[in-house]
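Participant: Predicted model and sequence below, questions to follow.
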Amino acid sequence: MKLSRRDFLKISGAATAGLALSGCTTMGFQKKPVEEQAWKIRTQNAQETPSICCYCAVGCGIICHTDRQTGKVIYTEGDADHPINQGSLCAKGASAYQLAINDKRVTKVLYRAPYSDKWEEKSWDWALKEIAARVKASRDKSFTVKNAMGQVVNRCEGIASVGSAALDNEECWVYQAMLRALGLVYIEHQARI
């Protein structure tokens, strides 16, 4: 069968019109109102809290919807009133909901001893004490009081830090102050990388 361009357009137009008139949801004619209605029902009694996306240094606005009774996250969306993203989000920001609601998220401390092939569950108290002990041991081992010219430098070159863009300005200031108090020289922030 030979089909001219004109015949192809006629057939395509007729098929499109037929699908549209038949009420098929694949064309999007009835899908959008149903989705809007479902979204309104899901977030009807939710509390809206404006927040900032935690993934990069752009600082996009996110609205987090939480259930008023349980406080659990129901839904997240881009903040249309935010001057930076005006409601749009990248793929990572759009998936921010999964940070709070994810059945695969690790919520316990898992530790694998050197040369071991098994993970062990440990308490948070054990983990914090272990981290503090290791930071102190590394700092004591690599701390320099004076340089080669005899000048007092009080620096630690055995530890480096790459911060997180998930921290706000105040948290970054506290984190930076702690690192400087330890004498760290190599301090970077993820937002600049």
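Facilitator: Everything's here; your move. Owing to the predicted nature of the structure, the values given are computational and were not obtained by experimental measurement.

Participant: Could you use CA atoms for every contact and neighbour count after this?
Facilitator: Fine.

Participant: Would you mind pulling the contact partners of the longest strand anywhere in the chain?
Facilitator: Ranked by residue count, the top strand of the chain under DSSP state E comes out as strand 152-163. Residues from elsewhere that reach strand 152-163 (CA atoms under 8 Å, 6 or more residues apart in numbering): 138-139, 141-147, 182-190.

Participant: can you do 10 Å?
Facilitator: 135, 138-147, 172, 175-176, 179-193 (CA atoms under 10 Å, 6 or more residues apart in numbering).

Participant: Tell me which strands that strand pairs with, and in which orientation.
Facilitator: Note on strand 152-163: by DSSP bridges, its sheet partners are strand 143-146 (antiparallel), strand 184-189 (parallel).

Participant: Would you mind putting the ones you listed into JSON lines with distance to residue 57 and mean pLDDT alongside?
Facilitator: Listed next are these as JSON lines, based on distance: least, CA to CA, whole Å; pLDDT from 0 to 100:
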{"stretch": "strand 143-146", "distance to residue 57": "32", "mean pLDDT": "93"}
{"stretch": "strand 184-189", "distance to residue 57": "10", "mean pLDDT": "87"}
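
Participant: I'd like these as JSON lines, with mean neighbour count and distance to residue 103 appended.
Facilitator: Formatted as JSON lines, the strands paired with strand 152-163 follow (neighbours: other CA atoms under 10 Å; distance: least, CA to CA, whole Å):
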{"stretch": "strand 143-146", "mean neighbour count": "15", "distance to residue 103": "42"}
{"stretch": "strand 184-189", "mean neighbour count": "15", "distance to residue 103": "30"}
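
Participant: No more questions from me, cheers.
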